[in-house]
Structure formats: C-alpha cells, structure tokens
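Asks: I'd like to go over a predicted model; first the sequence, then the structure.
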Amino acid sequence: VTNASEVAAGAQALVTKGIDCINNFTDNNIVNNLSLLMQAAAEKNIPVFGSEEEQLKSGCLAAQNLDYFALGEKTGGTVAKILSGEAKAGEIPVYEATDCAPVYNPDVLDAFSMTLPEQYKDAVAIKTAAAE
C-alpha cells in the first residue's frame, strides 16, 4: 500500500491469496491502521507477525522487538559525525540494528493452537491489551 486509504483493500486482497501468514514491517500506513489488517487476517485465520512489541498488544503473534532507545543512540552518533564534519552522509554505511529480542503473544499463540519453539523459550511474553 502507498497510503492509509489503501490498507483495508490491500489487506483483503492479500488474505484471499491463500497465504500462510503476514509479516507487518514498521510502515506507518499499516501501523496506524493495524486493526484493518488484523480484521482481514482474522477472517481467514491467518497469523500476523509484527515488527515490534506494541503490535503484539493489538493481536500480532510475534516479533523481533527493536530497541528504539539503542537505535536512537546510534542515529544520534551518526548525526553528530555528519554535523561535526567527521563524515559525509553519503559515505556512512547503512546501519543494521542488532539490539533486538524475540517477543510473542501467548494468547494469540494459543488461539492458533501453536506451541513456542524450544529455541524461543526465553522470549518475552506480551499479552493483548484486552488481557492486561
């Protein structure tokens, strides 16, 4: 989708294709209209993976949670290098965030009759907003 008005139609088109799951990246068009995506997925019993912890509270199954504080520190350091003349923006390599941790929603896991894989036994459980 390219704008918020396309989310509902895009979600409906997607779920009719016989997909197994949806991976929701951190796109403001989707995040701000996540309920529309979740509704379309629920109608077809399709799990949705989020891009961060807060989306699990809205019903996403799991995510690799991004540490926004650590990302902000890294971004601030990069900006400081540019402003001080130490580096040029076009010469700085793309940064890949590594400060991430797996999180899951046990309510959604149960609803899909799934079990948490052993390698994620230390993942943090995040319950839906209604369950808090």
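Replies: Arrived safely, thanks for sending. Residues are numbered from 1 along each chain as shown.

Asks: alpha carbons only for contacts and neighbour counts from here, please
Replies: Noted.

Asks: how about the chain, which residue sits the furthest from its center?
Replies: Relative to the C-alpha centroid of the chain, counting by Cα atoms, centre = their mean, Gly85 is the outermost residue, at 34.6 Å.

Asks: Which of the helices or strands spans it?
Replies: Using DSSP states H and E, Gly85 maps to neither a helix nor a strand.

Asks: show me what contacts it?
Replies: Gly85 makes contact with no residue under the criterion Cα atoms under 8 Å, 6 or more residues apart in numbering.

Asks: For it, grab phi and psi.
Replies: Gly85 adopts backbone torsions of phi 80, psi 0, taken as degrees, to the nearest 10.

Asks: Report the central residue of this protein.
Replies: Centre-nearest of the chain using Cα atoms, centre = their mean is Ser51, 1.2 Å out.

Asks: Surely that residue forms part of a strand?
Replies: No. The assignment for Ser51, made by DSSP: H, G, I helix; E, B strand; the rest coil, is coil rather than a strand.

Asks: From what I see, it and Asn65 are in contact.
Replies: Yes. If you go by Cα atoms under 8 Å, Ser51 and Asn65 touch, sitting 6.5 Å apart.

Asks: State which helix of the chain is the longest.
Replies: helix 68-83 (DSSP state H).
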